[in-house]
Structure formats: structure tokens, C-alpha cells
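**Q** Please find the sequence and the predicted model below.
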Amino acid sequence: MILQRKSDVFFCSLLLGVLLICLMVADAAISRRLDRDGVQERRAIVRVLALTDLCLTTEARYTRHPSMADLHTPFQEHPLSLDHFPAGALMPPPPHLRPQDGGE
Amino acid sequence: MGAIEKQRHILDFTLSSLGRRTGKNIALVIVYALVIFLIASVLFLADALKNEAVQILQDAPEIVVQRLVAGRHDLIPTHYMESIKTIRGVQSVESRLWGYYYDPFSGANYTLMVNADLNDHPGAIIIGAGVSRRSEPGKPLQPLRKNDLIPFKTSGGEVLTLQVKGLLPAASELVTADLILVSEPDFRKLFSVPNDRATDLVLQARNTKELATIATKIAQIHPDSRPILRDDMLRTYDAVFDWRGGVILMVLSGVFFAFIILAWDKATGLSAEEKREIGILKAIGWETSDILLMKFWEGAAVSLTAFFLGIFLAYLHVFLASSLLFEPVLKGWAVLYPHFRLTPHIHIYQIAVLFFLTVIPYTVVTIVPSWRSATIDPDAAMRL
Amino acid sequence: MIHLQDIRKVFNAGQPNEFVAIEGVNLTIDSHVATALKGPSGSGKTTLLSLLGCMARPTSGRITLKEREITSLPERFLTEIRRETFGMIFQQFNLIKGLTALENVMLPAYPKGEKHAALKRRAMDLLELLNLAGKALAQVEWLSGGEAQRTAIARALINNPAIVIADEPTAHLDTTLSREFMEIMRQLKKDGKTILIASHDPIVYESDVIDRIVEIRDGSIVLPGDGA
């Protein structure tokens, strides 16, 4: 069946798009289910090794262990600072360090 | 039925009309899709990371006690453990020894951690997958394997050679990529940490509801200590990559608004050609509402195409290509970078938000400027 | 069929460039008759034509179409009436560039929402009638002057209107094509349509297809022809 009308082609593409999104959602759900063992494994390692952070970036202390960051840390990203770490742009100071949490 | 058929007809015309400047319109779709791609990638990555953190850090230590000296993290005296153990509700207290080691040979930062199991095997280490790779830009190194020897430089200036006894599972790279597990004697020798000091203490409570109370008591007994609760650790990852704050929001907003301004500019400058065509359409029997419908479809056609394209590519980018484009920022100056494949985590909510933030504004921006031209008197078409 | 009573049309009323295009016009157009509006440029021909074709409203006066007063109808109804009753052929053809001849012919019927297949067939039939079947899928920019003219005529006929209005249709055509145009008008009149042409081209108003000539000058009718 050849699609004669431009609007038909367009609607088919839209349908395809919606289908793709459904596929993505399904893929996500399936992957999550398949990864259950992996999650348990990672949890076990966290427990056994007493870890506190994800190893997302090994650039600086405060980006490697943001949850352990001390009060000095937020000031490392000063514009004139000599220690400037790109990953710091993605890792703002954790909530428990910010003033509204009645910092330590 | 007539209403649907009418939409299809008007859409036919709109698509033909867009097809007159295919190159320009395709470029528009691509740029638009790129904007959506960036925003969606950030959304997907942030969400997946947060989800991962929440799931696996559930088993992190309940309380970590640090010691602060002059606002900075300092070593904690191990005798603090005794006074803390007496606090009601505390089930167990242990000390943790960990720190960072910079390896000049590979240029990588490693996290060294003491593991009690190795205390009977001095000289042995267990390394994470990233350490094994220890890639250095421009200089491929041999991966470290079991029984390989690694020289470390102690803080005293001597060389301490340790042997790889095992590797941590590659599937756990997201938490262990840069880890090197050592024995306690080796750690203390390496960093000259005195026997009565530790990096921090970890606690387990009998009842999780009492964590806050216990933390307060610890701070009372040792005013120079700083207890960190597990909840705080988890919340840290709420802020990471958070598009609601920080540099990411500024950059994305900038891109987004630049695009909207561009689109507005394009739409407001309705060329004489376009005005003429609207006049003709009115003259041959199209109403103002039909013209506006056409403009709507024009905006919708471009933005819907760009939307689906952008989202799909973002999904592939984040979950199949491991966020390749964001790697430079995450990696920064680091040499070591974990290879992790995130489990896809996607919400219809995210997609809906993206849809309303991108498709709707663009469609509106295409319709609104045409309003005046759409209401042109058909009589004027006679004089064209 | 169409009756204009005391029609007055002013442009830019109240502004420095106020301009009275039509003044005190009384005119009746009969059905099944071919009427020519003759007059020099600036005489108000085009304005009168657009008033007759329900494309503009008079500043004062009344217009009735088939016994029904349409002067103060809201735009929506007016557009519908215009779409159903009139077929417009413009001086410059005014075909939409970038579209095929077939698409151009179907355009006036798009808002009606009729079935695509039926509409397409009707359009093809019209094109065939005008010997354009082979050019149906050609882009209008590539059509010759005569082919474009016939496409414009086909477009005007797609909604099967009772009245065909043409504004200076031969202005950009040579003698042969002009005569060809008048022959097509003859056929349409035979099919029962009412024809209304504004032109200062003798080939048009001296043709035997025309039943009545209305002369207009400086916004007023000078010679009402037969019937006023």
C-alpha cells in the first residue's frame, strides 16, 4: 500500500514516533527487571565495603565523594579559584551542606 | 468525519507548503531536535543516576562520623568509638580507613580503602575495573591483572610494592571503578596514619528512626565531630545533574530561549510572499480559522518531528552510548573514568513535561504572529 | 440574482488618504447571463467586482444575493456563501507556487472536508475538460501561460459555483489565448453558469459571448447596459 497523501505519511511517522516512545518505556521496564540481580550485587558490595558514594568522577575529592564533602568544599568553585574542576559544575554542594538545612 | 478529513486536507497543503523550502525546514527540524536531544539527555541521565543511587546506596552505612578541624575534614581519634558506643540505640561502631592516592605513572586518582579481609594478607590489594584499565590519554597502558605488582610511594618517600590479588566485579564499576582495597598495616604505612587515628567512623543503629537523635548526641559529646546520615547521602544525588539548578539550567535555558527567539523572528517576519498566499487562500474560500489551522499544523509538523527525533536519539545516547557527549564534563581532568551502562529509567511524566516545554511553545510561536495576516480581507487579494 | 442598491465604498475613511471608490451604484446582475464590466483602470471595476463577489463589504448600501440580504452577514457565513456560489479567476492567476496543478485546483474545497478521493476525481475531471490532464502533477511554475490560465479556471470551478467572476483575465494573455478564454466562458454559460468579467480588453467586451456591458467610470455607472 503506497501512501499517496502527504498527511498520511506524516500521521504514519507520528504513529511511528509514539511507537518508539512506547518501545523505549518497555525497554526501560524490561531492562530494570533483568537488572534486578545486578542491583542486588551492587547493593551487596556497598554493604560489604561500607561505601557511601557512586564513582561518577574521580576528578576531585568533593566530586568523587560528594556526600562526604566538608564545609570547605563549596568554596572550591570560586571563579578565581585555582582548583577548578569541570565536574563541579554538575555536582552542586549536597543539600545537607547548604545553609537552609541549618548546616553544621 | 468531515472534520478529520478537513484536517488531513489542510495538513496536505501545509506539508506541500513546507516542502517548498525543504532544505531550510529540515535544518530547522534538526536544530530543534538537537535542543530537545540535549534537554532530554540531561533529564534521562539525571533520572537514571538518581534512581541508581537511591537503589544501591540504600545499604550504605547509616551514620558516618567525621571530624572537622578548621572547617576541613581531619582524621578522627579512634577512642571516640568508645564514647559513641555507649549512646543508647547504637548497635555497632567501626572505624573506616580510606583516602586518595595520586598515581603519577598513570595520572589517575585512586580511592584507597582498608578492607578487614586483607589484614591477614599484607602486601595484597584488590582493585576495581577502572584501576585495572588505568588508561592515560595518548599512552595506552597494559591493564593490571592478578599477580601484577604496583609500586606506591609512601608519604615518607619510600616505595611500597603491592600485589594484585583480585579484581572487583566489572558490573559494580559504578561504585568501585577507582577502588583499591588494602590491608590496614599497608594503609597506615603508605599514608603515615598513626595507629590511634581513622578516617571516619561508621555506625549501625538498632532502630533507624533513632538516627537523628543519635546524631545529635554524638555532636554533643564530640563537638568537633560531624555525623552524616544515610538520608543526607542519598539526597546528595538528588542534586547531581539537577537541571533545575546550576550551570546546566543556565546553558539549557540559553539554548532554548535562543531557539524560541529565532523561531519567533522567523514567524513574525511573514514575508510578502506568505502574506500574498494567505490573501489568495482567503480569496478562494478559506476562512481565518482555516488559515490559523494551517499555521498550527506548520508549527506542529516541525515540532512533533523534532520532538520524537530528539527524544529517541537522547535515549540511545544515554542508555546505549553511555552519555558519550557528557563524558568530557563528567571526566573533567580526571584520567580514570568509570565505564557504566545505566539501566534505562524513563517516566511518561518526563516525556510529557518535555512535550509541553517544547512542542507547545513552538506551535504557539508559529500561530500567533500570523494572526494579523490571517484576518486580511479577501478583497485585498484582488489587488495583489 | 445579485442586486446592489445605493452602494458606496470608501477606503481609509477619516484618514488623509480617504478615497471614494464607488458612489451611488445601483446594479442588478441576472443569472445565466454573461456581463462585462468595462472601464479604464482606476474606475472602480475591481472594487465593484469584489463587492459583487462578496469579498468586501460596502460602506453603505445593500447587497442581496438570490433574494437574500448579505450585507451584514458575519464573515463565517459570508465565506461559506462565497465558497459555494462564486468561482474567482484573478488577473495574475494567483496560483500557489510550489504546488502541483492538481493541488491548486483542489485547494478551495479543502476546508469543506469532503472525501479526498471524490475531490480528487472531480478535480481531475475538470482538468481533463480543460485539456490539462497530462499536466495535473506538474508544478504550476512550469506551466505555460495558457496552461496556468486553464488551471486557474479549473480551480474556480471546483466547488461547482453558480457564478464565475473574472478580473481582467486576458491582461497577460496573447490574442489566441484570449479568444480561447472566451470560448471556455461560452461553454460555461451554456452549462448554466452566470459570468461576470471586468475588463478593458476589446476581445472580451466585444465578444459575442457577452450579453450585457456595464460601463463604469470614476466609481459610478455610466452605461448600465440592459437592465439597471
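**A** Everything's here; your move.
**Q** Please identify which helix or strand holds residue 42.
**A** Here I'm looking at chain A. Of the helices and strands defined by DSSP states H and E, A:R42 is found in helix A:36-49.
**Q** wrong chain, I was asking about chain B
**A** According to DSSP H and E, B:V42 maps onto helix B:22-56.
**Q** Now do the strands in chain C.
**A** Taking DSSP state E as the test, the strands found in chain C are C:2-11, C:19-29, C:34-38, C:60-65, C:68-69, C:86-89, C:163-167, C:194-198, C:212-217, C:220-223.
**Q** what's the closest non-adjacent residue to C:L51?
**A** Using Cβ to Cβ, 6 or more residues apart in numbering or on different chains and skipping the chain neighbours, the partner closest in space to C:L51 is C:P58 (5.9 Å). Just so you know, the C-beta spots here come from the backbone N, C-alpha and C atoms, and that holds for glycine as well.
**Q** The one you found touches C:I22, doesn't it?
**A** Yes. Shown here, C:P58 and C:I22 form a contact pair, counting by Cβ atoms under 8 Å, at 7.5 Å.
**Q** before we move on, the earlier item: is the helix holding B:V42 up against chain C anywhere?
**A** No. Residues of helix B:22-56 are not located near chain C by Cβ under 8 Å from any Cβ of the partner chain, the shortest gap being 10.2 Å.
**Q** Please parse chain A into its domains.
**A** A:7-49, A:61-101 (automatic domain parsing).
**Q** cool, chain B as well?
**A** According to the domain assignment given by automatic domain parsing, chain B is divided into the following structural domains: B:2-56+B:240-382, B:61-238.
**Q** residues from chain A in reach of chain C?
**A** Taking Cβ under 8 Å from any Cβ as the criterion, the contact residues of chain A with chain C come out as A:R5.
**Q** Show me where chain A has its helices.
**A** For chain A, helices defined by DSSP state H occupy the ranges A:6-34, A:36-49, A:61-64.
**Q** Would you format those as CSV with mean pLDDT, distance to B:I348 and mean neighbour count included?
**A** Putting the helices of chain A into CSV (pLDDT from 0 to 100; distance: least, Cβ to Cβ, whole Å; neighbours: other Cβ atoms under 10 Å in any protein chain shown) gives the following:
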stretch, mean pLDDT, distance to B:I348, mean neighbour count
helix A:6-34, 91, 7, 15
helix A:36-49, 91, 22, 16
helix A:61-64, 81, 32, 23
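**Q** Would you reformat those as JSON lines and include distance to B:V359?
**A** As requested, these are exported to JSON lines (distance: least, Cβ to Cβ, whole Å):
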{"stretch": "helix A:6-34", "distance to B:V359": "11"}
{"stretch": "helix A:36-49", "distance to B:V359": "35"}
{"stretch": "helix A:61-64", "distance to B:V359": "35"}
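**Q** Switch those over to JSON lines; also include distance to chain B.
**A** As requested, the helices of chain A are exported to JSON lines (distance: least, Cβ to the nearest Cβ, whole Å):
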{"stretch": "helix A:6-34", "distance to chain B": "3"}
{"stretch": "helix A:36-49", "distance to chain B": "4"}
{"stretch": "helix A:61-64", "distance to chain B": "6"}
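**Q** just so I know, which of those lies nearest C:K38?
**A** Of all the helices of chain A, helix A:6-34 sits nearest to C:K38, with 43.8 Å by Cβ to Cβ.
**Q** Just list what that closest one packs against, helices and strands only.
**A** The helices and strands touching helix A:6-34, judged by 3 or more Cβ pairs under 8 Å, 6 or more residues apart in numbering or on different chains; DSSP states H and E, are helix B:2-19, helix B:288-315.
**Q** on that earlier part again, which among the strands of chain C is found nearest to B:I348?
**A** Taking Cβ to Cβ as the measure, the strands of chain C were each checked against B:I348, and strand C:86-89 came out nearest at 49.2 Å.
**Q** Show me what the closest one is packed up against.
**A** Taking 3+ Cβ pairs under 8 Å, 6+ apart as the contact definition, the neighbouring helices and strands of strand C:86-89 are helix C:145-157, strand C:163-167.
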